[in-house]
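Chemist: fold the following, please.
(one chain, ligands or ions: 1)
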Amino acid sequence: MSLLQVEDLAIHFGGVKAVDGVSFSVEQGEVFAIIGPNGAGKSTIFNLISRVYPPTRGTIRFDGRDITGLKAHDIAGLGIARTFQNIELFDHSTVLDNLLMGRHTHRGTNFVQDILFLPKVRQEEREHRRRVEQVIELLELEAYRKKMIAGLPYGVRKVVEIGRALAIGPKLILLDEPASGLSVEETRDVAFWIEDMRRDMGLTVLMVEHDMSLVNQVSDRVLAMANGQPLALGSPAEVQAHPDVQAAYLGTGAAA
Ligand SMILES: Nc1ncnc2c1ncn2[C@@H]1O[C@H](COP(=O)(O)OP(=O)(O)OP(=O)(O)O)[C@@H](O)[C@H]1O
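Modeler: Below you'll find the predicted structure:
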């Protein structure tokens, strides 16, 4: 069974068909990329999966469960974490505090248990801190642990955002343009980390990305979109060779 199944997904904003009849599945442990020119509908698919918007049509199943009607905070609790195109961190908190803040979405305890600080709560607290330390090590954030987000370079903030998503212990992580604004060296690091997430944490990765070097390096399969609709689905090489994909990119050179 696929970890994520998207079936005939559509959302219309007035006359704009931002996403219009998109179906795909992501397998457990897979790195799956969505590519397409600006305005293709890629981020809107993320917003539909993470329940920022309800779809006009279609279904989304995660881990065998229909999540189409769930609320955004329930989605995080089920094991879906995401990053945003525009980094969304607490600027006046430290890196460590930002990583710890994802925790409340992932707790199995209730308010009374929290107040009494029962053993279950203490155990969860310990597990979460362990996981945050694992993330700091994986993403090489040790030197920044006590630094305020506001003073950090863009590339580091971007990594912290990935870290915060990882810290909730998701099964599926949605990365919205993880390489945008990064240098060639930073993008190479992101590629390694995506491999590590899959290998060391058993994660499944769904990413939207324009940087084809990153897509080619890490993706098992790629979905190309244009104007809200799917154009091609297959290996990175198959998709880039597809005539409809080449036509959609004419003039931008992004898929070359
Ligand atoms: N909340 C909204 N209200 C109205 N139109 C929207 C909304 N969100 C997205 N759209 C429109 O839907 C279309 C797809 O947008 P989307 O942001 O998903 O594209 P994208 O492929 O992620 O583009 P980019 O690569 O530039 O981020 C665009 O025409 C956009 O203007």
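
Chemist: next structured bit after the least confident helix or strand in the chain by mean pLDDT?
Modeler: For the chain, the helix or strand with the lowest mean confidence is helix 111-116, at a mean of 61 (criterion: mean pLDDT, DSSP states H and E). Remark: after helix 111-116, the chain's next helix or strand is helix 119-138, criterion DSSP states H and E.

Chemist: which other helices and strands does that following helix contact?
Modeler: The contact analysis (3 or more CB pairs under 8 Å, 6 or more residues apart in numbering; DSSP states H and E) places helix 119-138 against helix 95-101, helix 111-116, helix 154-167, helix 184-201. From N, CA and C alone the C-beta is placed, and that goes for glycine too.

Chemist: quick check: the residue of the stretch 51-200 of the chain nearest the ligand.
Modeler: When distances are taken as CB to the nearest ligand atom, the stretch 51-200 of the chain reaches nearest to the ligand at residue 85, 6.2 Å away.

Chemist: in a helix, that's where that residue is, yeah?
Modeler: No: counting by DSSP: H, G, I helix; E, B strand; the rest coil, residue 85 is not found in a helix; it is coil.

Chemist: secondary structure element holding residue 12?
Modeler: Per DSSP H and E: residue 12 is located in strand 4-13.

Chemist: buried set for stretch 141-161?
Modeler: Residues of stretch 141-161 classed as buried by neighbour count (16 or more other CB atoms under 10 Å): 141, 144, 149, 152, 156-161.

Chemist: name the nearest of those relative to residue 37.
Modeler: residue 158 (22.4 Å; CB to CB).

Chemist: could you find the closest non-adjacent residue to that closest one?
Modeler: In this structure, residue 158 finds its nearest non-sequential neighbour in residue 87, 6.1 Å apart by CB to CB, 6 or more residues apart in numbering.

Chemist: domain boundaries for the chain, per the record?
Modeler: Using automatic domain parsing, the domain parsing of the chain gives 1-79+172-179+203-256, 89-169.

Chemist: so is the first one next to the ligand?
Modeler: Okay, so that is domain 1-79+172-179+203-256. Yes: using CB under 6 Å from any ligand atom, domain 1-79+172-179+203-256 reaches the ligand at 13, 16, 18, 36, 38-44.

Chemist: residue ranges with poor pLDDT in this structure?
Modeler: By pLDDT under 70, the low-scoring segments of the chain are 103-118, 250-256.

Chemist: repeat the analysis, applying 90 as the threshold.
Modeler: Under the criterion pLDDT under 90, the flagged ranges of the chain are 1, 15, 51, 69, 71-77, 84-88, 101-128, 168, 200-201, 247-256.

Chemist: what residues are bridge-paired with the closest residue to residue 42 other than its chain neighbours?
Modeler: Closest residue in space to residue 42, ignoring its immediate chain neighbours: residue 208 at 4.2 Å, by CB to CB, 6+ apart. Beta-bridge partners recorded for residue 208 (DSSP bridges): residue 34, residue 176.

Chemist: OK, contacts around residue 208?
Modeler: By CB atoms under 8 Å, 6 or more residues apart in numbering, the residues touching residue 208 are 33-35, 42-43, 45-46, 175-177.

Chemist: same check, this time on residue 139
Modeler: Residues in contact with residue 139 (CB under 8 Å, 6+ apart) are 159-160, 162-163, 166, 193.

Chemist: rerun that using 6 Å as the cut-off
Modeler: Residues in contact with residue 139 (CB atoms under 6 Å, 6 or more residues apart in numbering) are 159, 163.

Chemist: do residue 163 as well
Modeler: So residue 163 contacts 99, 135, 139 (CB under 6 Å, 6+ apart).
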